[in-house]
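Participant: After the sequence you'll find the predicted model.
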Amino acid sequence: MKNVFLVLTLFISLAGAGTLLRAQSADEKAVADATTQLLYAYLTSDVEKLNFMMADDYINTNPLGIVRSKEDELTELKMGQKKYTLDPSVSLIVPQTYDKVRVLSPSAAFTTVHYRTSGTLNGQPISGQFRLMVIWQKRAGVWKVSAMQSTLVR
């Protein structure tokens, strides 16, 4: 029951990301909502959701500077090599004035988000505040993550 409460609280915390990203147009709102879903899927290790959200040619540079493909990311999550703490006092969006969603064209957008979490990455503890940039492409009418970069804020 405690885990259900933590997940629900975390989801409510993340649900505000759309408004934190100051979405104006329908595409901005769709990308802001997709960003919220992406963060929630990562924090809950929802491999099925991430598989759907990531483009097949997805690429990620993690906070350790390691470049990962879609297959690498999903395998790490499946195998438990990447885990996040589901604690709303730790895992949350930290609103910043420079967080944004920007639609560059009808099929390209990016989001920037400041968040705080803790967990492990390849067996190494990783926690703190991070800046995340997500590059989105609209493919067959669906916004897909094309690339992602996460940086530890010191």
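Facilitator: Looks like it came in fine.

Participant: hey, which helix is longest across the chain?
Facilitator: In the chain, assigned by DSSP state H, the helix with the most residues is helix 26-43.

Participant: elements contacting that helix?
Facilitator: helix 2-15, helix 17-20, helix 47-53, strand 100-105, strand 108-121, strand 124-139, strand 142-153 (3 or more C-beta pairs under 8 Å, 6 or more residues apart in numbering; DSSP states H and E). In this view, the C-beta of every residue, glycine as well, is placed from N, C-alpha and C.

Participant: Quick one: closest of these to residue 75.
Facilitator: helix 47-53 (9.1 Å; C-beta to C-beta).

Participant: can you list the weak-confidence ranges in this structure?
Facilitator: Scanning the chain for pLDDT under 70 picks out 1-23, 81, 83-98, 121-122.

Participant: Okay, the residue most central in space within it and residue 129: tell me how far apart.
Facilitator: Closest to where the C-alpha atoms of the chain average out (C-alpha atoms, centre = their mean) is residue 39, at 3.1 Å. When distance is defined by C-beta to C-beta, to the nearest Å, residue 39 is 14 Å away from residue 129.

Participant: joint contacts of the two?
Facilitator: Common contact partners of residue 39 and residue 129 (C-beta atoms under 8 Å, 6 or more residues apart in numbering): residue 115.

Participant: Confirm for me that residue 144 is in contact with residue 137.
Facilitator: Yes: applying C-beta atoms under 8 Å, one finds residue 144 in contact with residue 137, separated by 5.7 Å.
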